[in-house]
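>>> Structure of the sequence below:
(one chain, ligands or ions: 1)
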Amino acid sequence: MSLNVDLLKSTFARAKEENGGLRSLGLRFYERLFEKYPQVKPLFSTPPEEQHKKLMASVGATIASLNEPDKMVPFLQAMGIRHLKYKTESAHYGAVGENLVAVLGEHLSKEGEWTSEMKAAWEEALNAVSEIMIQAAENPESCKENLLKAGYDADGMRKDTEQPWVLSR
Ligand code: HEM
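The predicted model follows:
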C-alpha cells in the first residue's frame, strides 16, 4: 500500500479544526448517506448523533496508524468482521467511501482548499481500507491468528474495551 500518508494526515487535521470540526463532518456524513443511499438507512439503529462519534474515531485511528500496519491491519480486519453483525454487504462499501470523500470535500472547501490530489489520496485510502475490511468479513478464519495476536477476539471484539473503534496508543 503506498498511500499519501502526509496528505491524509494533514487533511484530517484540517477537518478537525475547520467548519465545525468532526462533529459537523460526521453528522453531514449520515445526512448525505441517507439522502443518497436510502437503502442502507434501515441497517442503522444507533442515531447519527452517537454513530458519527464512532465513525470519526475509527477514521482518526486509521489515519493515526497509517505508518503502523501491525496495528492498523488487525484494527480494520476486526472492524470488517464486526460489520457482519450489522448486515453490511461488500457492495455497500463503495457508497460509504464515495460519501465520505464527498462530505470531506464539502467540509474542507468551506474554509480552504480541496484539490484533486487530496481527493485521490482519500479515494485510494478508502479503497484500501474497504478491501481489508471486506476480505476479513469474507474470510474471518484467514485473519484469526493475526487478530488474536493483536488482542482482538475472533469476532472482532476486545476484552479490554467496549469501544473497539478507538485504537489505544
Ligand atoms: C470505511 C468503511 C467503514 C468504517 C470506517 C466504518 C466504521 C464503523 C464503526 C466505527 C462502527 C461502530 C461499531 C463498531 O466499530 O463495531 C460502525 C457501525 C456500523 N456500520 Fe460501519 N464503517 C464502514 C463501512 C460501513 C458500510 C459499508 C456499511 C453499510 C452500510 C456500514 C454500516 C454500519 C452499521 C449498520 C453499523 C451499526 C450501527 C448501529 O449501531 O446501529 N459501515 N461502522
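>>> tell me the contacts of the residue positioned nearest the centre of the chain?
Computing the C-alpha centroid of the chain and ranking residues by C-alpha atoms, centre = their mean puts Val59 first, at 4.3 Å. Listed by C-beta atoms under 8 Å, 6 or more residues apart in numbering, the contact set of Val59 reads Phe12, Leu100. In short, each C-beta sits where N, CA and C put it, glycine included.
>>> Distance-wise, check it relative to Val40.
Counting by C-beta to C-beta, to the nearest Å, the separation of Val59 from Val40 is 18 Å.
>>> Surely Lys9 touches Ile63?
Yes: here Lys9 reaches Ile63: they are 5.9 Å apart, a contact under C-beta atoms under 8 Å.
>>> Which one of those two is surrounded by more residues?
Each of Lys9 and Ile63 had its neighbours counted (other C-beta atoms under 10 Å), and the higher figure belongs to Ile63 (17 against 14).
>>> Would you tell me what helix or strand that one is located in?
Assigned by DSSP states H and E, Ile63 falls within helix 48-64.
>>> do stretch 121-138 and the ligand meet at all?
Yes: counting by C-beta under 6 Å from any ligand atom, the ligand is contacted by stretch 121-138 at Leu126, Val129, Ser130, Met133.
>>> Find the helix or strand that the third one is a member of.
Assigned by DSSP H and E, Ser130 falls within helix 116-138.
>>> Isn't Gln77 up against Lys149?
No: applying C-beta under 8 Å, one finds Gln77 not in contact with Lys149, separated by 11.2 Å.
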